[in-house]
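# give me coordinates for this.
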Amino acid sequence: MSCPARLLLSALAALTLSACASSGGDYPSLEIRDVERARGQFEPIAVEPIDVPEVPVAYEGSLQERLAMLVEAARSAHQRFVASLPAARRTVASAGRAAIGSNAWGASQVALADLESIRSDAAIALADLDILHIAASVAAEDRGQIDTARSAVIALVEEEDEALAELRARVAP
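Next comes the predicted model:
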């Protein structure tokens, strides 16, 4: 770069940078002004209440009886699951990492499907408990008993899910 070009570039840079160093007298202050301060009281706007439809729940007897029945159904399914689990574990273990489509692989898939079918019975009870939970929430009713029953069934289903995940991991190619 030639000397006159450097001189011109330096002068241009000095002029450009001098614009950044101007005083702040030309610009308004950024402090809060009096008109920007909130004053007085604000009244909420009157609105009509929202009409929330009722969640249909069909069951006979009291809520306690229904909850007991659902928890018992889940426990019964869980007992069947636990009883079937050792045979399924043996079948999956004997299949090892058998090739997909082989007889051993097919037997392990059937054993897993049987366990998943039993697990679905516990999941159905959980789904019914979820419906009761939602209905009580929408109606702004106490959900304490429902949540207790629901937590018990969720624990059973999670235990079954862990066992199924372990078995599926052994079968995966």
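# remind me which residues of this protein are low pLDDT?
Applying pLDDT under 70 to the chain flags the ranges 1, 15, 17-25, 40, 52, 55-59, 98-101, 172-173.
# elements contacting the longest helix seen in the chain?
Longest helix of the chain, by residue count under DSSP state H: helix 103-138. Counting contacts by 3 or more CB pairs under 8 Å, 6 or more residues apart in numbering; DSSP states H and E, helix 103-138 packs against helix 63-95, helix 144-171. Every residue, glycine included, has its C-beta placed from N, CA and C.
# okay, those in JSON lines with mean neighbour count and distance to Val47 next?
Listed next are the helices and strands packed on helix 103-138 as JSON lines, based on neighbours: other CB atoms under 10 Å; distance: least, CB to CB, whole Å:
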{"stretch": "helix 63-95", "mean neighbour count": "16", "distance to Val47": "33"}
{"stretch": "helix 144-171", "mean neighbour count": "16", "distance to Val47": "31"}
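# out of these, flag the one nearest Glu48.
Checking the helices and strands packed on helix 103-138 against Glu48 by CB to CB gives helix 144-171 as the closest, at 30.0 Å.
# any idea how far that closest one is from the chain center?
The chain centre lies 16 Å from the centre of helix 144-171; the measure is CA atoms, centre = their mean, to the nearest Å.
# tilt between it and helix 103-138?
Between the axes of helix 144-171 and helix 103-138, defined by axes from the mean of the first three to the mean of the last three CA atoms, to 10 degrees, the angle is 160 degrees.
# now do helix 144-171 against helix 63-95, angle only.
Helix 144-171 and helix 63-95 are oriented at 10 degrees to each other (the same axes, to 10 degrees).
# contacts only, for Ala149.
For Ala149, the contacting residues are 67-68, 70-71, 129, by CB atoms under 8 Å, 6 or more residues apart in numbering.
# which member of those residues is positioned nearest Phe42?
Comparing the contacts of Ala149 against Phe42 with CB to CB places Leu129 closest, at 43.2 Å.
# related to what we said a few turns ago, in a markdown table: the helices and strands packed on helix 103-138, plus distance to Leu112.
Converted to a markdown table, the helices and strands packed on helix 103-138 look like this (distance: least, CB to CB, whole Å):
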| stretch | distance to Leu112 |
| --- | --- |
| helix 63-95 | 7 |
| helix 144-171 | 6 |
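# of these, give the one that comes closest to Ala11.
Across the helices and strands packed on helix 103-138, the minimum distance to Ala11, taken as CB to CB, is reached by helix 144-171, at 73.0 Å.
# that older thread, of all the contacts of Ala149, which comes closest to Pro86?
Val71 (24.7 Å).
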